[in-house]
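In: My questions concern the predicted model and sequence given below.
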Amino acid sequence: MSEFLVTGATGNVGRRVVHLLAARGTTVRALTRDPEAAELPEGVEVTGGDLSAPDTLEGALTGTDIVFLIWPFLTTGGAPAVLETMARHARRIVYLSSSGVNEHAERQTDPINQLHADMERLIEKSGLAWTVLRSNTIASNARGWAEQIRTTNAVRGPDIAPTAVIHEGDIAAVAVRALTDDGHAGAKHVLTGPQVLSRAEQVHTIGEAIGHPLRFEKVPVQLAREQMLADGRPAALVEALLASAETRPESHLVTSTVEEITGAPARTFRSWAEEHADAFR
């Protein structure tokens, strides 16, 4: 019986992957930098480790067959050492990437997509059997608007080209199939929600879910940069996020991959907003 290691196990996607694997009765380890604060299901082995320090991963990887990898950094600087460590123990890896990756382009449109393209190449050369999940904009990103919505009934920020926003639960459901089922080795699954939405449309949908109107106020990139830096966000992260706002092309891509793999259609952003309405009230 395979043993699974889930990185990013306390995040929006990773936590759901852990719960779904545990519900199947599998042996699952959850990697986190703070095991005491993990709050994961009974029976899950929570183990400490940090992807920025490959030598801390040995214990978590001992006996592991398959890894679900979320790479939390803005560069691939430490990735070769991490993948080498994983390859000494595991036989297969499932990596959460971006649907914005264009594998035919010499360079990607923005730093975040470039990161994922670079990670994909490293994984393909790692010696591990691999599956890549190229995800569109994740619905849970909207949680970052919660304080603005609660205090101002508005979201102010740079606009980004519309995409088919996907529920993090659908990503997790596909990930679990890729982790546990045969037939996904060498696949690059592109995952989207069922409807292309702008930021303004997402904000409007959240307003409908909580029962009062909200508005989106587009902020020029330079003003957004100044505010994000003043809020204490790392400069490298600010530049990566704003590059997406400035250069990411509009996408009308909608795939049926979620339904094809899980048997259930991808959930709408409206369903996500209704599920998380209390966070915005």
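Out: On my side now, so go ahead. Residues are numbered from 1 along each chain as shown.
In: all helices for the stretch 151-281 of the chain, in order.
Out: Assigned by DSSP state H, counting those that start in this stretch, the stretch 151-281 of the chain shows helices spanning 168-180, 199-210, 221-230, 235-247, 257-262, 269-275.
In: can you pull out the strands in the protein?
Out: Remark: strands assigned in the chain by DSSP state E are 3-6, 27-32, 45-48, 66-69, 92-98, 129-135, 154-157, 163-164, 188-191, 196-197, 215-218.
In: Can you add distance to Asp278 and mean neighbour count and give those back as a markdown table?
Out: Bear in mind the C-beta positions are built from the backbone N, C-alpha and C, glycine included. As requested, the strands of the chain are exported to a markdown table (distance: least, Cβ to Cβ, whole Å; neighbours: other Cβ atoms under 10 Å):
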| stretch | distance to Asp278 | mean neighbour count |
| --- | --- | --- |
| strand 3-6 | 26 | 26 |
| strand 27-32 | 25 | 25 |
| strand 45-48 | 27 | 17 |
| strand 66-69 | 28 | 26 |
| strand 92-98 | 27 | 24 |
| strand 129-135 | 25 | 22 |
| strand 154-157 | 17 | 19 |
| strand 163-164 | 25 | 22 |
| strand 188-191 | 26 | 20 |
| strand 196-197 | 21 | 20 |
| strand 215-218 | 21 | 15 |
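In: For these, could you give me JSON lines that also reports distance to Ala173 and mean pLDDT?
Out: Shown next, in JSON lines, are these (distance: least, Cβ to Cβ, whole Å; pLDDT from 0 to 100):
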{"stretch": "strand 3-6", "distance to Ala173": "14", "mean pLDDT": "97"}
{"stretch": "strand 27-32", "distance to Ala173": "15", "mean pLDDT": "96"}
{"stretch": "strand 45-48", "distance to Ala173": "22", "mean pLDDT": "95"}
{"stretch": "strand 66-69", "distance to Ala173": "13", "mean pLDDT": "98"}
{"stretch": "strand 92-98", "distance to Ala173": "13", "mean pLDDT": "98"}
{"stretch": "strand 129-135", "distance to Ala173": "11", "mean pLDDT": "98"}
{"stretch": "strand 154-157", "distance to Ala173": "28", "mean pLDDT": "93"}
{"stretch": "strand 163-164", "distance to Ala173": "16", "mean pLDDT": "95"}
{"stretch": "strand 188-191", "distance to Ala173": "10", "mean pLDDT": "98"}
{"stretch": "strand 196-197", "distance to Ala173": "21", "mean pLDDT": "97"}
{"stretch": "strand 215-218", "distance to Ala173": "29", "mean pLDDT": "96"}
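In: helices and strands of this structure: which one bottoms out on pLDDT?
Out: Counting by mean pLDDT, DSSP states H and E, the chain has its least confident helix or strand at helix 235-247, which shows a mean of 81.
In: got the contact list for it?
Out: The set of residues external to helix 235-247 that reach it, using Cβ atoms under 8 Å, 6 or more residues apart in numbering, is 74, 109-112, 158-160, 221, 224-225, 228-229.
In: and the angle from that helix to helix 199-210?
Out: Counting by axes from the mean of the first three to the mean of the last three Cα atoms, to 10 degrees, helix 235-247 lies at 100 degrees to helix 199-210.
In: Tell me what angle helix 235-247 forms with helix 221-230.
Out: Helix 235-247 runs at 160 degrees relative to helix 221-230, counting by the same axes, to 10 degrees.
In: What residues sit buried inside helix 235-247?
Out: Val238, Glu239, Ala240, Leu241, Leu242, Ala243, Ser244, Ala245 (16 or more other Cβ atoms under 10 Å).
In: nearest to Leu128, of these?
Out: Checking the buried residues of helix 235-247 against Leu128 with Cβ to Cβ, the nearest one is Ala240 at 26.6 Å.
In: Let me know how buried the closest residue to that closest one other than its chain neighbours is, in neighbour terms.
Out: Among residues not flanking Ala240 along the chain, Pro111 sits closest, at 4.4 Å (Cβ to Cβ, 6 or more residues apart in numbering). As a burial measure, Pro111 scores 19 neighbours (other Cβ atoms under 10 Å).
In: Contacts only, for Ala142.
Out: Counting by Cβ under 8 Å, 6+ apart, Ala142 touches Gln202, Ile206, Trp272, Ala273.
In: next one: Ala90
Out: Each residue near Ala90 by Cβ under 8 Å, 6+ apart is listed here: Leu5, Leu61, Thr64, Asp65, Ile66, Val67, Leu128.
In: On the pLDDT front, check it for me.
Out: We have a pLDDT of 97 for Ala90.
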